[in-house]
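**Q** sequence isn't available, so here's the structure alone:
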């Protein structure tokens, strides 16, 4: 294969079928500014945003045109650096979340700005590192937005999904919550016990009235799944911080890509959608306001230094051991199966694709 090309998972048309996912020979990404670095990819995590982009569902925010590559979360080895890169050198093991105009970590090589990357601790495998960035940052930033701090009682919905797993861990060990209660399905109770961060695990398949059982017990609710009843668990005056419920239209600007500007008509449509979203948000949070519970919504934003400062100490010490449901090979069958599982929901922890050994 030419050094000008590399293999990457992509679709050549907007599609909702994983049968159309192909591993193609694509142009090898090139350094286009002095703060970028090239990464030889060893592992990539699977996230639900990839199938949405493949379907064309996010073109309002990200004006994609096929072929569209897959993969935000990356772990690998630096192979080239721009002249102004200061934090990394060739040979460094790195991980992070790619910007939306750089995606392609389900492939052999990516190029990204150094500000999105972090060093991988020596003791951590690529597959483990790849599972952290997008879900971990989303959880961290949502907890920050909710005002998480030491001594709180924190309630986490979907505590063993990709984002919820990191949210429950950070609530306990980063923010030093007094107690952490999480909801999981029956199949996820055992993995939650092994993660070892929750002081109380609620099996929502057995206790369907858990929100009423736990009413007024949480200083902060972190909602990772879109649980419309979670406000009941919050104390009056507390906050629900969600990555699903009642999205704030104004936060959509965080998903825009500077290098992929919208047309004037695209900006007009976006302005209209923001107004409609905020109206829907106002209606959806009526019960929250009636109880004097604040609801905030967060879109995760990539930040390599935040990844390194937040997660590296826990990964290096072995305290954080993300649950990885399955690691798939970098084949069309492996990638299709991985994304089928992701799209079906109810994944325990994360799914990872190993690009190379």
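**A** Right, received. Where do you want to start? The structure presented is a predicted model; accordingly, all values stated were derived computationally and were not measured. Numbers count the residues shown, from 1 in each chain.

**Q** wait, doesn't residue 96 sit right on residue 74?
**A** Yes. Assessed by CB atoms under 8 Å, residue 96 is found in contact with residue 74 at 6.3 Å. For every residue, glycine as well, the C-beta is placed using N, CA and C.

**Q** overlap of the contact sets of these two?
**A** 112, 133 (CB atoms under 8 Å, 6 or more residues apart in numbering).

**Q** can you give me the strands in the stretch 51-200 of the chain?
**A** Using DSSP state E, counting those that start in this stretch, the strands assigned to the stretch 51-200 of the chain run over residues 68-69, 73-81, 93-97, 109-113, 117-119, 153-157, 179-184, 200-203.

**Q** so for residue 326, which of those strands sits nearest?
**A** For those, distance to residue 326 was read as CB to CB. The smallest value, 15.1 Å, belongs to strand 73-81.

**Q** buried residues, the closest one. List them.
**A** For strand 73-81, the neighbour count (16 or more other CB atoms under 10 Å) marks 73-78, 80-81 as buried.

**Q** stretch 139-148 too?
**A** For stretch 139-148, using 16+ other CB under 10 Å, the buried residues are 139-143, 145-146, 148.

**Q** can you give me the helices in the stretch 251-357 of the chain?
**A** Counting by DSSP state H, counting those that start in this stretch, the stretch 251-357 of the chain has helices at residues 264-284, 286-290, 304-317, 332-344.

**Q** out of the strands of the stretch 51-200 of the chain, deepest packed?
**A** Mean neighbours per residue, mean count of other CB atoms under 10 Å, is largest over the strands of the stretch 51-200 of the chain for strand 153-157, with a mean of 29.

**Q** and it, what other elements does it pack with?
**A** The contact analysis (3 or more CB pairs under 8 Å, 6 or more residues apart in numbering; DSSP states H and E) places strand 153-157 against helix 162-173, strand 179-184, strand 218-223.

**Q** so residue 117 touches residue 95, yeah?
**A** Yes. Here residue 117 lies in contact with residue 95, judged by CB under 8 Å, at a distance of 7.1 Å.

**Q** coming back round to it: and of the buried residues of strand 73-81, the nearest to residue 353?
**A** residue 73 (9.8 Å).

**Q** tell me the pLDDT at that closest one?
**A** Residue 73 is assigned a predicted lDDT (pLDDT) of 98.

**Q** hmm, back to that, make TSV from the buried residues of stretch 139-148 and add pLDDT and distance to residue 28 to it.
**A** As requested, the buried residues of stretch 139-148 are arranged in TSV below (pLDDT from 0 to 100; distance: CB to CB, whole Å):
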residue	pLDDT	distance to residue 28
139	98	33
140	98	32
141	97	32
142	97	35
143	98	38
145	96	38
146	97	41
148	98	41
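
**Q** rewinding a little: which of the strands of the stretch 51-200 of the chain sits closest to residue 47?
**A** Among those, strand 73-81 sits nearest to residue 47 (CB to CB), with 6.6 Å.

**Q** any stretches of the stretch 151-300 of the chain with poor pLDDT?
**A** Within the stretch 151-300 of the chain, the ranges that satisfy pLDDT under 70 run 246, 252, 254-260.
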